[in-house]
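Here you go, sequence then predicted model.
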Amino acid sequence: MKNKKGKLFINLLAAVIFATTPIVAYCSESDPIDSLNVSNYYRRLSIGLNIPTYRDFATSPLFYNGYGILLQTSWFKNSIRRERDLQIGLTLNNMSARIPKSNYIQPNTNAVFAQLNIRYNRLFQLKSISNEKVNYKLGGMAQTTQNFRINQNLQNNAIGLENITNLMVSAQMTRDVSRSRQRTFNFGLFKIRRSPVKRDLRFQLNYGIANFNYRPGYAYTYVPEINGSETSIIQFLLSSYKWSYFDGQRLNTDLEFIIYLPNGNASSWSYTWDIAHVPGNYQAFQMASHQIRYRLYFHAKKR
């Protein structure tokens, strides 16, 4: 039964990733090759600040909050008509719980929270409502997040390794906010000249329509059978975990301001908000994060 469910999940994931192309039938008609279809390929590197919050009812009703660092790399193909993006990111965070102040009990609630996040996104232009200044795209995204949580104060429940995987619908708006001509600011004693520059303001909304999670059946207490060298560490840690299908909600948004350089490269500042509710089979897990990141675009080629 587990194998059948696993195969169903893998087939669904593969189908949504590669089947977003039918959206083209609605979003974009086949056109002769012109400048609108020229694609730019970028390798992107990002670093940023991560501010996460989570609560795991399987171990504690307390909210854990903290700060951490975000590192991300991505491969990005973009044109006016369509877009493709693969992102791999890692966050490392130091967390502590919100607890009532007490003169008698001063518990230590420090925890380590790390996330490996992978996204694959495909978008296609909505020609009927796009114009020279504003470009609208619609598509889909597959996202998987692997959490690694360590809290020694929870003893046998010290390690949490849940996986959250989502198939999402994505909508994007890109507005051209370029400076099209040179501007001069005269301050009397000196002048400041601002040259023409290409700039974009981009907003994207992603909402989960098929949500999956890998969570403990009840709690994290590890009491599996150990059969000498035949029991691996992974089997031991995940012995009580189970898949839940079409369960939960996830929503994330991205707001990015991009400045392009004459050599084809670019840089940007962005803000990302991500929130997820994971009911699981028994106890719920909730998480949210705010991210501020600086990103470098390295132009690879144009085709």
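Sure, I can see it.

can we go C-alpha only for contacts and neighbour counts from here?
Fine.

Contacts for stretch 254-273, please.
197-205, 252-253, 288-299 (Cα atoms under 8 Å, 6 or more residues apart in numbering).

And stretch 294-303, by the same measure?
Looking at what lies outside stretch 294-303 - Cα under 8 Å, 6+ apart - the contacts are 38-48, 264-270.

Select only the buried ones of those in PyMOL?
Command for PyMOL, covering only those of those found buried under the criterion 16 or more other Cα atoms under 10 Å:
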select buried, resi 39+40+41+42+43+44+45+46+47+48+265+266+267+268+269+270
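
can you tell me which of the contacts of stretch 294-303 are in strands?
Applying DSSP state E to the contacts of stretch 294-303, the entries found in strands are 40-48, 266-270.

out of those residues, what pair is the most spread apart?
Asn40 and Gly48 (24.5 Å; Cα to Cα).

For Ala171, state which of the ones in strands among the contacts of stretch 294-303 is nearest.
Ser270 (16.8 Å).

how much space between the closest one and Lys137?
19 Å (Cα to Cα, to the nearest Å).

follow-up on the earlier one: turn the ones in strands among the contacts of stretch 294-303 into TSV, including pLDDT and distance to Ala97.
Listed next are those as TSV, based on pLDDT from 0 to 100; distance: Cα to Cα, whole Å:
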residue	pLDDT	distance to Ala97
Asn40	90	45
Tyr41	93	43
Tyr42	94	40
Arg43	95	38
Arg44	96	34
Leu45	97	32
Ser46	97	28
Ile47	97	26
Gly48	97	23
Ala266	95	39
Ser267	95	36
Ser268	96	33
Trp269	97	30
Ser270	97	28
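
Find the residue ranges of this protein scoring beneath the pLDDT cut-off.
1-37, 100-108, 155-157, 184, 186, 188, 217-240, 280-281, 302-303 (pLDDT under 70).

Could you rerun that using 50?
Low-confidence segments of the chain (pLDDT under 50): 1-2, 5, 9, 13, 16-34.

Leu154 looks like it's in a helix, true?
Yes. Under DSSP: H, G, I helix; E, B strand; the rest coil, Leu154 sits within a helix.

residue contacts, it?
Counted by Cα under 8 Å, 6+ apart, Leu154 has contacts Thr59.

if you set the cut-off to 6 Å instead, what comes out?
The contact partners of Leu154, by Cα atoms under 6 Å, 6 or more residues apart in numbering, come to none.

Next: the one 4 residues further on.
Under the criterion of Cα under 6 Å, 6+ apart, the neighbours of Ala158 are Ile150, Asn151, Gln152.

Give me the distance between the last one and Arg44.
In other words, Gln152. From Gln152 over to Arg44 the distance is 36 Å, taken as Cα to Cα.
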